[in-house]
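> Next comes the sequence, and after it the predicted model I'd like to discuss.
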Amino acid sequence: MNRKYFALILLAGLISMACTTRVSEWILLNGLPSQYTLVYFHNKPLSESIKNQNQKLAERISTANINFRTVKRQEIAKPYYELYYKDRFFSKYMTNEELKGLTSSPLRKKIAAELMAGKLCVMLYLKTDNDDKDEKGLNALHNVIASSPFGNIITVVELSRNSKDEHHFASLLLNIEDDLVDIQEPMLFGVFGRFKALEPLLGKGISEENINLMLDYFTAECSCLIKDNLPGTDILFTDNWENPQTALVNKIIDDNPMLGY
Amino acid sequence: MQTDTLTYDSLNERPLPKWLIDQKTGYTCIEPEKLVMKEDHSLKISFFVTGIFIILLVVLLTFFINRKHKNQVS
């Protein structure tokens, strides 16, 4: 067969497959995470020890979705690091020590493992440590998970916004929108794909109706409309996203096609 | 959602995330094709055409046979 025709048939096959893939699976397979930039600002020529220190840092974070660079600025009093996501400022770090655990942490590893195992998504509940506030949203979340046909393929994870061990992760989440740090309410982040987190539901917005709408988004057929307007922020993480397990959502929808609409 | 230029007085007035608005309005949904039953006249037309064909055939054959028969008699 003519090579051109063969390529055309293959392309048509791939396109038709893409259109029946669910959002969560398509983004895990195809959605490359956006890059962060870590900038070291300094006002004097770099000493050998600082160069070595930054070299080690760059090597340590090289497997994550982050670039490192140094910038000389005369007007600053003391060197420091700043973290940016695209063109948005995220955090400032005064010392190299503060950057320990920036690109990875136990909870992030656990979430990535769940996503690679074919789970639909991870529901990350960011708590305020005020039980009265936290209970309500958590109950709504558990009710939805219990009644959803996709309940078994959703992982629920709780994290305190004041966590010491996961402070980098909590900070990344609270920077997804620029006002989240100031809002002392529980937040629910839908994490999917290659560690992409949707803009959260928060406070009273963590309702069963809204959580179901979030699940509808993850299980929707991946249309070009969605691909062109992908919401969410990619979380900084070092991992290998190659060869994930088959998405578990497919079997549930194959067994019950009505769930696919 | 970028909120850089948005201001709000209370949490209740805080704008919803765009993905949630899109989900609520069905913007991201692909409408399944609506199947509408159309009236099917093909069987009636088929009967009608077949009927006319048979009648025409009978008329023509009758005409030719009669003509042939008359010629033989004369």
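Noted; the coordinates are in hand.
> need the strands for the stretch 51-200 of chain A, in chain order.
Under the criterion DSSP state E, counting those that start in this stretch, the stretch 51-200 of chain A carries strands at the ranges A:66-72, A:80-85, A:88-93, A:121-127, A:154-160, A:187-192, A:196-197.
> I'd like these written out as a markdown table, with mean pLDDT added.
Output for these, formatted as a markdown table (pLDDT from 0 to 100):
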| stretch | mean pLDDT |
| --- | --- |
| strand A:66-72 | 93 |
| strand A:80-85 | 94 |
| strand A:88-93 | 93 |
| strand A:121-127 | 95 |
| strand A:154-160 | 95 |
| strand A:187-192 | 94 |
| strand A:196-197 | 93 |
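> among those, which is the most enclosed?
Burial of these is given as mean neighbour count (mean count of other C-beta atoms under 10 Å in any protein chain shown); strand A:187-192 ranks first at a mean of 25. (Each C-beta comes from the backbone N, C-alpha and C, glycine too.)
> can you list contacts of it?
A:23-24, A:27-28, A:111, A:115, A:120-126, A:137, A:141, A:161, A:173, A:176, A:180, A:197-198, A:200-202, A:206, A:211, A:214, A:217-218, A:232, A:235 (C-beta atoms under 8 Å, 6 or more residues apart in numbering or on different chains).
> quick check, distance from the helix ranked longest in chain B to the centre of its chain.
Counting residues, the longest helix found in chain B (DSSP state H) is helix B:42-73. Offset of helix B:42-73 from its chain centre (C-alpha atoms, centre = their mean, to the nearest Å): 36 Å.
> and chain B, which of the contacts of strand A:187-192 contact it?
Restricting the contacts of strand A:187-192 to those near chain B by C-beta under 8 Å from any C-beta of the partner chain leaves A:Leu198, A:Pro200, A:Leu201, A:Leu202, A:Met214, A:Tyr217, A:Gly232.
> Contact partners for the first one?
If I follow you right, that is A:Leu198. So A:Leu198 contacts A:Phe189, A:Gly190, A:Val191, A:Phe192, A:Met214, A:Tyr217, A:Pro231, A:Gly232, B:Pro17, B:Trp19 (C-beta under 8 Å, 6+ apart).
> can you tell me which of those lies nearest to A:Asn65?
A:Gly232 (13.5 Å; C-beta to C-beta).
> Can you name the residues bridging to the residue lying closest to that closest one once chain neighbours are set aside?
Leaving aside its chain neighbours, A:Gly232 sits nearest to A:Lys196 (4.3 Å; criterion: C-beta to C-beta, 6 or more residues apart in numbering or on different chains). Note on A:Lys196: beta-bridge partners by DSSP bridges are A:Phe192, A:Asp234.
> which parts of the longest helix of chain B are buried?
Neighbour counts over helix B:42-73 (16 or more other C-beta atoms under 10 Å in any protein chain shown) mark no residue as buried.
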